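Colleague: would you be able to build a 3D model of this:
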Amino acid sequence: MKIKYRFDHEPNNQFVISENGGVCFYMFLPNYEYFLRIAQMKSISRAAESLYISQPALTKYLHKLEAELGVELFERKQGALRITEAGQFLWEYIRRVNGETDLLRAYIEEIKAKGRCTITIGMALWRASVLLPEFLPVFLEHHPLISVQLFEGSAAKMESAIMDDTVDLCIMNLPVNYANVAYEPIFEEHIFLAGSRQDPLIQKLREEQAGFEYPSADIRKFAQKPFIFTQPDQHITEFVNHMLSRLDLALTCVLRTANVTTAINLAASGLGFTFVPELGTRSAFFPADRLSLFTVDDPPLRCTLAAVYKRSSYLSSGAQLFIQELKEFVRQHSSYNG
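Modeller: Now for the predicted structure:
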């Protein structure tokens, strides 16, 4: 019969060790960070060095712990340590306890601060440039006790920042590659094809669909046209590439840029066509007088903008206010979502 272990936490760092549903014994486990460090480093010598204690002392700790439990927490093969099933259960439980403790501390600190807090928001460079100038001054005026710090980067950098607690939340497009995240949708937006109003094909499409705020375009008609693309690790590139792959279509790339603003301005100048998320086209900074926008694909190509944060981290009331008011701001400034 396979043994199942269960670890329950009681006051004073006392753990109840259960085997197949029955309590075996109690164990007092101070310095449980020693066990975590050994599991992380997979080496007693490296773990001891990082903890600034001697290797014999850490070895003695582990032997005592395993003797008290009556199970091996690590397998020792050719000098390397490999965590056992019981060790994995203990590791996961201690990490959960640590996470709950961090949440409690963050909550208590927020109560003590009486509404004063600093929130760190992650956004892509272009997304920040089109959303924050209109939204952030009003938000800070309404909430003078909240300070905002900005983290800017690619989707991959923002996902990493979420997981290592560099940011409280990120405003970014879904999907996210990590499991330990939660999100609140803010807006489902089109990804538009954008081209200069002076381009003959653009003018023809506008004439054929006069009266439509956002007419549609068959992307196949642009197969021989030049395009300005964003970088491969950006979400908008992934969405466009998925559409092109499904249509078995290749477009001609004349330039790549990480800055969507650069792509937009180059398209407006007539260098080529590009793709742009809908929300940015609502900004006062968007050159709507020089660019025409078209939906592409059937159903139209869309993506979801969301507030993404680490599921196991505490989301402060200030961060929650930021999300709520950004959702309302976007709703009021997005007359088209059909």
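Colleague: can you give me the neighbour number for the residue nearest to Leu125 when sequence neighbours are not counted?
Modeller: Nearest residue to Leu125, sequence neighbours excluded (C-beta to C-beta, 6 or more residues apart in numbering): Glu152, at 5.1 Å. Using the backbone N, CA and C atoms, a C-beta is placed for each residue, glycine as well. Glu152 has 15 neighbours, counted by other C-beta atoms under 10 Å.
Colleague: what number of residues lie near Tyr183?
Modeller: Counted with other C-beta under 10 Å, residues neighbouring Tyr183 total 19.
Colleague: residue contacts, it?
Modeller: Under the criterion of C-beta atoms under 8 Å, 6 or more residues apart in numbering, the neighbours of Tyr183 are Leu174, Val176, Ala306, Ala307, Val308, Tyr309.
Colleague: does it count as helix, strand or coil?
Modeller: On the three-state scheme (DSSP: H, G, I helix; E, B strand; the rest coil), Tyr183 is labelled strand.
Colleague: Gln320 now?
Modeller: helix.
Colleague: the contacts of Tyr183 in strands, which ones?
Modeller: Members of these lying in strands (criterion: DSSP state E): Ala306, Ala307, Val308, Tyr309.
Colleague: adding neighbour count, pLDDT and distance to Pro232, write the contacts of Tyr183 out as CSV.
Modeller: Below are the contacts of Tyr183 laid out as CSV (neighbours: other C-beta atoms under 10 Å; pLDDT from 0 to 100; distance: C-beta to C-beta, whole Å):
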residue, neighbour count, pLDDT, distance to Pro232
Leu174, 14, 93, 18
Val176, 20, 89, 17
Ala306, 24, 97, 22
Ala307, 23, 97, 25
Val308, 24, 97, 21
Tyr309, 22, 96, 26
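Colleague: and of the residues you listed, the nearest to Pro215?
Modeller: Leu174 (26.8 Å; C-beta to C-beta).
Colleague: hey, where'd the helices end up in this protein?
Modeller: 32-41, 44-51, 55-69, 85-113, 125-142, 155-163, 200-208, 235-247, 260-268, 278-281, 317-332 (DSSP state H).
Colleague: relative to Gly318, how far out is the residue nearest to Leu125?
Modeller: Taking C-beta to C-beta, to the nearest Å as the measure, Glu152 falls 20 Å from Gly318.
Colleague: now Ala307
Modeller: 13 Å.
Colleague: how about Leu266?
Modeller: From Leu266 to Gly318 the distance is 38 Å (C-beta to C-beta).
Colleague: same check, this time on Ala47
Modeller: According to C-beta to C-beta, Ala47 and Gly318 sit 37 Å apart.
Colleague: now do Pro56
Modeller: On the measure of C-beta to C-beta, Pro56 and Gly318 end up 48 Å apart.
Colleague: before we move on, the earlier item: JSON lines for the helices of the chain, including mean neighbour count and distance to Glu75?
Modeller: Output for those, formatted as JSON lines (neighbours: other C-beta atoms under 10 Å; distance: least, C-beta to C-beta, whole Å):
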{"stretch": "helix 32-41", "mean neighbour count": "18", "distance to Glu75": "12"}
{"stretch": "helix 44-51", "mean neighbour count": "17", "distance to Glu75": "13"}
{"stretch": "helix 55-69", "mean neighbour count": "15", "distance to Glu75": "11"}
{"stretch": "helix 85-113", "mean neighbour count": "14", "distance to Glu75": "9"}
{"stretch": "helix 125-142", "mean neighbour count": "16", "distance to Glu75": "47"}
{"stretch": "helix 155-163", "mean neighbour count": "19", "distance to Glu75": "28"}
{"stretch": "helix 200-208", "mean neighbour count": "13", "distance to Glu75": "66"}
{"stretch": "helix 235-247", "mean neighbour count": "16", "distance to Glu75": "40"}
{"stretch": "helix 260-268", "mean neighbour count": "21", "distance to Glu75": "51"}
{"stretch": "helix 278-281", "mean neighbour count": "20", "distance to Glu75": "52"}
{"stretch": "helix 317-332", "mean neighbour count": "17", "distance to Glu75": "42"}
